[in-house]
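>>> Here's my sequence, what's the structure:
(one chain, ligands or ions: 2)
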Amino acid sequence: MRTIFALASGAGRAAVAVMRVSGPGAGAVLEALVGRLPTPRMASLRRLRHGGVVLDQALVLWFPGPASYTGEDSAELHLHGGPAVVAAVADALVALGMHPAEPGEFTRRAFLNGKLDLTAAEGIADLIAAETEAQRRQALRQAEGGLAARHAEWAARLTRLLARQEAFIEFEEEDLPSDLDAQVTADALALREEMAALLAEAPRGERLREGVAVAILGAPNAGKSSLLNALAEREAAIVSARAGTTRDVVEVRLELGGVPVTLADTAGLRETADEIEAEGVRRALARAEAADLRLLAFASDAAPDSATLALQGPDAILVATKADLGGTTMMGALAVSAHTGAGLPALRAALEAAVRDRAGLSEAAGLTRPRHRAALGETVEWLDRLPIAPMPELRAEALRGALRGLSRLTGRVDVEQVLDLVFGEFCIGK
Ligand SMILES: Nc1nc2c(c(=O)[nH]1)N(C=O)[C@@H](CNc1ccc(C(=O)N[C@@H](CCC(=O)O)C(=O)O)cc1)CN2
Ligand SMILES: Nc1nc2c(ncn2[C@@H]2O[C@H](COP(=O)(O)OP(=O)(O)OP(=O)(O)O)[C@@H](O)[C@H]2O)c(=O)[nH]1
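Ligands and ions are numbered 1, 2, ... in the order given. Below is the predicted model of the structure:
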């Protein structure tokens, strides 16, 4: 096993830079740099020396395995954060036989050493990427094993059910309760319901992780770009009196009620001979299709156009733009003026409520990635076969399939091991 190192803190100048080292050579390399090893897990101030040169005065930490983040012998060097200090220490580490780490390699090693499961590792990646408060909470819950705990409990229950089903097959002639077989199916279906409930919430967790997609749609000159700029509070999109100004999709990132939002301005919807504008309209309609929410803009001084009206639906919020021009406001539309700011707070509040409604803000650990949905979906599909499986052998097969689906989620394929454990407790006539 290689001993790896990487700068754990960001690149560039900083007050302090943290260099992490992990692997079997970590202790020897730390000794080579600082002399005798410091007390485990205690910060010590030491001079780092290499090739007769003092590289820095640093706080160093020694984490003998397995009580470390990776589970391996590890060390941390808290350096002065100048680029030359970091470069000199990196050169010394290479000279001492260390290898620069691949992206995610520390956490990969933690996973391989059983420190965390795949969902917790994903949670750590999400925690590092989290931009909003709600994302931080969701990621931390997952990094701390919220999902892993739920799946471990399900896996344990499935394993017990499988053991009972296998026992029914093995010991059919002996005096087992005659309804054991039916009871297994009933218990498994109860488990299936719990899984289906988590699965139903999955899109909300995924939206919080990725951001809710909102598209602004409307006729040319309806005031879409002005609306985007007003909501973003900056001049992100070009505003002009000429119809057909916006061609490509213009995106801004916002935070509404702790949820990240990607707000997209699109080309005005109309029939056009201009090839570039027509491509813009195609892109606008594709965005409308892909968006979680649609803001449909209708200018107060113009008749509602049919192309925009056609996009109405439960995920649409109607906005009557240019409210300062008077005119009639469409039924159910929020009147807004990007010029005076009138109606903007009400629109922002309506949008925030709709966004929060679509993103997972519950305190319980939920699914956050399509990968989770696929694995748990597979598990549920196996359990769906139970009541229609004609033979006990096929029911056992379905339970094994379900366990495999769950293990795909956590990345731990230890079905056989758990089975042994459970069979060990099972002493039917043996
Ligand atoms: N300086 C520093 N700060 C950091 C980290 C780090 O590696 N170094 N972390 C890195 O991401 C996070 C903290 N996560 C950590 C998780 C586990 C262990 C650890 O040593 N675990 C041992 C001992 C546990 C104990 O004593 O309670 C273990 O699991 O066996 C360390 C940090 C955030 N802050
Ligand atoms: N009076 C008034 N005029 C507005 C308002 N919002 C936008 N306008 C004007 O309407 C015209 C079109 O605005 P844009 O925001 O570029 O409209 P758009 O829908 O993005 O237009 P396209 O890119 O052509 O699809 C500009 O002249 C704006 O100044 C408003 O709230 N009040």
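
>>> State the helix or strand in which F298 lies.
Taking DSSP states H and E as the criterion, the element that holds F298 is strand 293-299.

>>> Contact residues of the chain facing ligand 2?
Within the chain, the positions lying close to ligand 2 (C-beta under 6 Å from any ligand atom) are 218, 220-226, 239-241, 243-246, 267-268, 321-322, 324-325, 337-339. The way it works is simple: take the backbone N, C-alpha and C, and place the C-beta from them, glycine included.

>>> just the buried members of these?
Members of the residues of the chain next to ligand 2 that pass the buried threshold by neighbour count (16 or more other C-beta atoms under 10 Å) are listed as 218, 220-226, 239, 244-246, 267-268, 321-322, 324, 337-338.

>>> Tell me the strands beside the strand holding F298, with direction?
With DSSP bridges as the criterion, the sheet partners recorded for strand 293-299 are strand 212-218 (parallel), strand 316-321 (parallel).

>>> Enumerate the positions of the helix or strand following that strand that are buried.
Toward the C-terminal end, the helix or strand that comes next after strand 293-299 (DSSP H and E) is helix 306-309. Taking 16+ other C-beta under 10 Å as the basis for neighbour counts, the residues of helix 306-309 that come out buried are 307-308.

>>> other SSEs contacting helix 306-309?
If contacts are counted by 3 or more C-beta pairs under 8 Å, 6 or more residues apart in numbering; DSSP states H and E, helix 306-309 sits against strand 293-299.

>>> how close does K115 get to ligand 2?
To ligand 2, K115 is 51 Å away according to C-beta to the nearest ligand atom, to the nearest Å.

>>> What is the neighbour count of that residue?
K115 sits with 17 neighbouring residues when counted by other C-beta atoms under 10 Å.

>>> From the rest of the structure, what touches stretch 379-392?
Under the contact criterion C-beta atoms under 8 Å, 6 or more residues apart in numbering, stretch 379-392 has outside partners 165, 168-169, 172, 181, 185, 188-189, 191-192, 195-196, 199, 394-395, 397-399, 401-402, 404-406, 409.

>>> Buried subset of those as a ChimeraX selection?
With 16+ other C-beta under 10 Å as the criterion, this ChimeraX line picks the buried residues out of the contacts of stretch 379-392:
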select :165,168,181,185,188,191,192,195,199,395,397,398,399,401,402,405,406,409
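
>>> which among the contacts of stretch 379-392 are in contact with ligand 1?
Checking these against ligand 1 (C-beta under 6 Å from any ligand atom), there are no matches.

>>> Which one of the strands paired with strand 293-299 lies nearest to ligand 1?
With C-beta to the nearest ligand atom as the measure, strand 212-218 is the member of the strands paired with strand 293-299 nearest ligand 1 (28.4 Å).

>>> Next step: the residues of the chain next to ligand 2 restricted to helices.
Assignment to helices by DSSP state H places the following of the residues of the chain next to ligand 2 there: 224-226.

>>> will you turn the residues you listed into a markdown table that also has pLDDT?
Listed next are those as a markdown table, based on pLDDT from 0 to 100:
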| residue | pLDDT |
| --- | --- |
| K224 | 94 |
| S225 | 94 |
| S226 | 95 |
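
>>> Pick the one among the residues you listed closest to G377.
Checking these against G377 by C-beta to C-beta gives K224 as the nearest, at 37.3 Å.

>>> Next up, the contacts around D274.
If a contact means C-beta under 8 Å, 6+ apart, then D274 has G244 as its contacts.

>>> That should have said V259, apologies.
Contact partners of V259, counting by C-beta under 8 Å, 6+ apart, are 132, 134-135, 207-208, 211-212, 355-356, 359, 361.

>>> tally of neighbours for the nearest residue to it once chain neighbours are set aside?
Of all residues not flanking V259 in the chain, A359 sits nearest, at 4.4 Å (C-beta to C-beta, 6 or more residues apart in numbering). For A359, the number of neighbouring residues by other C-beta under 10 Å comes to 28.

>>> wait, doesn't A58 sit right on A75?
No - A58 is not in contact with A75 according to C-beta atoms under 8 Å; the separation is 10.9 Å.

>>> tell me the angle the helix or strand containing A346 makes with strand 293-299.
Using DSSP H and E, A346 sits in helix 344-358. Taking axes from the mean of the first three to the mean of the last three C-alpha atoms, to 10 degrees, one finds that helix 344-358 is oriented at 150 degrees with respect to strand 293-299.

>>> Tell me the buried residues in the helix or strand just after helix 344-358?
Of the helices and strands lying after helix 344-358 in sequence (DSSP H and E), the nearest is helix 370-384. By neighbour count, and taking 16+ other C-beta under 10 Å as the criterion, the buried residues in helix 370-384 are 372-373, 375-380, 382-383.

>>> quick one: which of these is nearest ligand 2?
R373 (35.9 Å).

>>> Correct me if wrong: that closest one contacts E206.
Yes - at 7.5 Å, R373 and E206 qualify as touching, with contact defined as C-beta under 8 Å.

>>> what do those two both touch?
The overlap between the contact sets of R373 and E206 (C-beta under 8 Å, 6+ apart) consists of L367.

>>> Excluding covalently adjacent residues, which one is nearest to K115?
In space, K115 comes closest to G71 once its chain neighbours are excluded; the distance is 5.0 Å by C-beta to C-beta, 6+ apart.

>>> Could you confirm that neighbour falls within a strand?
No - when classified by DSSP: H, G, I helix; E, B strand; the rest coil, G71 is found to be coil rather than part of a strand.

>>> From F106, how far out is the closest residue to ligand 1 within the stretch 101-250 of the chain?
For the stretch 101-250 of the chain, the residue positioned closest to ligand 1 under C-beta to the nearest ligand atom is K115, at a distance of 5.6 Å. Taking C-beta to C-beta, to the nearest Å as the criterion, K115 is separated from F106 by 10 Å.
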